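1. Sharing a model prediction with you, sequence too.
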Amino acid sequence: MDRRQLLRGLLAAGVAAVPISALAGSARGADAVGGALLEDFHLALLDVQNHVIETYWTGHIKLEKDQNGKDRFVFGAPLSAFPTGGWAPLECKFRKIGGVPAFLVCGGDEEDGRVTIHRTSDSAALGWTTGLKNFPHSLEYLPTADAVIVVGTAGLDDQDPGPPGERTGGSFLLFQAPTAERPGPLVKISGPHAFREAHGVVLDQNNDRLLWIYGGNKILAYEVSGQGTGTTLTYLEHRSLTNNKFENGHDLQPDLAETQYLWATGSKSQFRINKSGGGRPRIDWEYPTPKVKSFSKHRSGRGIYTADTLGNKYGSSWVDFVWPNQPVEAKPVGEQKEKWIYKARLTEI
C-alpha cells in the first residue's frame, strides 16, 4: 500500500467506505523514525472534529519543536483515512465475520445513528444501516450467533433509571451479521433494549458466549444464545457489577495479554476490572484521569488513552501513552481543523 495516499470511498445511501485493508495495518516502512516508543504498532484515531478515522504507525512518531521552541512528540503522516462523509465516528473495531476479516464502524448522532461494515481485503461494503435513534457509541460481533450488537446512549429514557441527577437514556439493538455473498442493509433482530448510557460492549476473551456491556454506573454480563434471527441475550446478575465510580462510563476494552481483565473508563478515572473466578467482577486498579474517554492496552503492556482536555465532550489532538508516559500529538492533515480524537483503537482488537 502507498502510505502517502489517503484512500477514500463512499457507500450507498451516504455511508462512507473504509479504505482498502489500511485500517488493519500495513508493513513497516523503510522511512520509519521510531525511538519514541519501545515497540511499534498501529493505531486508528477517531477524529470527531474532522469526521475521519486515520491509521498511524507508532514507528513514525518523531520529535519536533512546537511554536514556542519546546520539544514534543508527534505522529507521522497517517497511513490511510476513512472519511465518514460528515458524521462523527465513535467506534472502530476489527473482527472476522464468518471467517472474513472486516471493519465495524459506528457513530452519528441521536437522530441519525450509523453503522457500516466492510471486508478488509478490498473494502467491499458488507452491511450498513442509518437512522438509528440510540446514538451508537460502540458495537461488537457475536460469532456464535452470527449477529452484531450496537449500543448507544439514547432512547428508552424511563426504562432503566440511574442515580438521582445523572443522565438518562440508552439502549442496544441486535442485527443479523452481513455476509460477503449477500451484502446489504443490516436486518434487525430485536431492540431497542434499555441500558442507561450504554457506551461500551465487548465479547469476553475466554468465552465467546459471554458478553459485557458497560455504561452509566455499571458493567453487566449477558449470555449469548441462539443464532441469527433467534439470537437472545440473557442477563447474568451474578456476573455483573454496579458501582457509582463508573458513572458516565465511556469505554470498555479487553486485555489481550492478561485475559482475566477488562479495561474501562469513567468521567474521572481509568479502571482495571478483574472478572476471573466466575463471580461478580471487581475493580482492582483505579487511576484518576479527568474526562478520560478511551483506554486500551497493547500486548506489550503499553497503555494508550484519550481525554477531553478541551471541554468539547470528545477529545483533543493528543494521545497519551503510559507505562512509560509519553503524550503524542496528531497534527491536522491538509485543510483539517484541530483534531478531536475521541478514541485511539489498536488495530488488533
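-> All right, it came through fine.

2. For burial, what's the neighbour tally of residue 164?
-> Neighbours of residue 164 under the rule other C-beta atoms under 10 Å: 5. In this view, the C-beta of every residue, glycine as well, is placed from N, C-alpha and C.

3. mind checking how far it is from residue 325?
-> As for residue 164, its distance to residue 325 is 37 Å (criterion: C-beta to C-beta, to the nearest Å).

4. Check residue 233 too.
-> 39 Å.

5. Looking at the two, which is more packed in?
-> Applying other C-beta under 10 Å to residue 233 and residue 325 shows that residue 233 carries more neighbours, namely 23 against 8.

6. Against the centre of the chain, work out the most remote residue.
-> In the chain, the residue that sits farthest from the middle, by C-alpha atoms, centre = their mean, is residue 69; the gap is 34.6 Å.

7. Which helix or which strand is home to that one?
-> For residue 69, there is no helix or strand it lies in under DSSP states H and E.

8. Same question for residue 175.
-> Residue 175 belongs to strand 171-176, assigned by DSSP H and E.

9. which strands and helices sit next to the next helix or strand after that strand?
-> Downstream of strand 171-176, the next assigned helix or strand under DSSP H and E is strand 184-185. Judged by 3 or more C-beta pairs under 8 Å, 6 or more residues apart in numbering; DSSP states H and E, strand 184-185 is in contact with strand 125-132.

10. ok now the strand it packs on, how far from the chain's centre?
-> Mean C-alpha position of strand 125-132 versus that of the full chain (C-alpha atoms, centre = their mean, to the nearest Å) differs by 17 Å.

11. how big is the angle separating that strand from strand 171-176?
-> 150 degrees (axes from the mean of the first three to the mean of the last three C-alpha atoms, to 10 degrees).

12. what comes into contact with strand 125-132?
-> Residues outside strand 125-132 that contact it (C-beta atoms under 8 Å, 6 or more residues apart in numbering): 11-15, 17, 97, 100, 102, 108, 111-119, 148, 150, 152, 173, 175, 177-180, 183-186.

13. can you pull the buried residues of that strand?
-> 125, 126, 127, 128, 129, 130, 132 (16 or more other C-beta atoms under 10 Å).

14. And for stretch 101-109?
-> Those would be 102, 103, 104, 105, 106, 107, 108, for stretch 101-109 by 16+ other C-beta under 10 Å.

15. Check stretch 138-155 too.
-> By neighbour count on 16+ other C-beta under 10 Å, the buried set for stretch 138-155 is 138-143, 145-155.

16. just stretch 194-209 next, same as before
-> Buried residues in stretch 194-209, defined by neighbour count with 16+ other C-beta under 10 Å: 194, 195, 196, 197, 198, 199, 200, 201, 202, 203, 204, 205.

17. which residues in the stretch 101-250 of the chain form strands?
-> Listed in chain order, the strands of the stretch 101-250 of the chain (DSSP state E, counting those that start in this stretch) span residues 113-119, 125-132, 136-142, 147-152, 171-176, 184-185, 188-194, 198-203, 210-215, 218-225, 232-242.

18. Run a quick check on residue 262 versus residue 203, I expect a contact.
-> No. Look at residue 262 against residue 203 with C-beta atoms under 8 Å: they stay out of range, at 10.9 Å.

19. shared neighbours of those two, anything?
-> Each of 212, 254 lies in contact with both residue 262 and residue 203 under the rule C-beta under 8 Å, 6+ apart.

20. Surely residue 246 is in contact with residue 268?
-> No. Using C-beta under 8 Å, residue 246 makes no contact with residue 268, being 9.8 Å away.

21. These two: which has the busier surroundings?
-> Higher neighbour count among residue 246 and residue 268: residue 246, with 26 against 15, using other C-beta under 10 Å.

22. rewinding a little: with pLDDT added, can I get the buried residues of stretch 101-109 in CSV?
-> Conversion of the buried residues of stretch 101-109 to CSV gives the following (pLDDT from 0 to 100):
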residue, pLDDT
102, 92
103, 88
104, 96
105, 97
106, 98
107, 98
108, 98
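
23. Would you mind pulling the contact partners of the helix or strand harbouring residue 96?
-> Using DSSP H and E, the element containing residue 96 is strand 89-97. Residues outside strand 89-97 that contact it (C-beta under 8 Å, 6+ apart) are 23-24, 44, 46-48, 51-53, 82, 101-108, 117, 120, 126, 136-141, 143, 146, 177-179, 342-343, 345, 347-349.

24. so what's residue 255 up against?
-> If a contact means C-beta under 8 Å, 6+ apart, then residue 255 has 205, 261, 262, 263, 272, 297 as its contacts.

25. Thanks a lot, catch you later.
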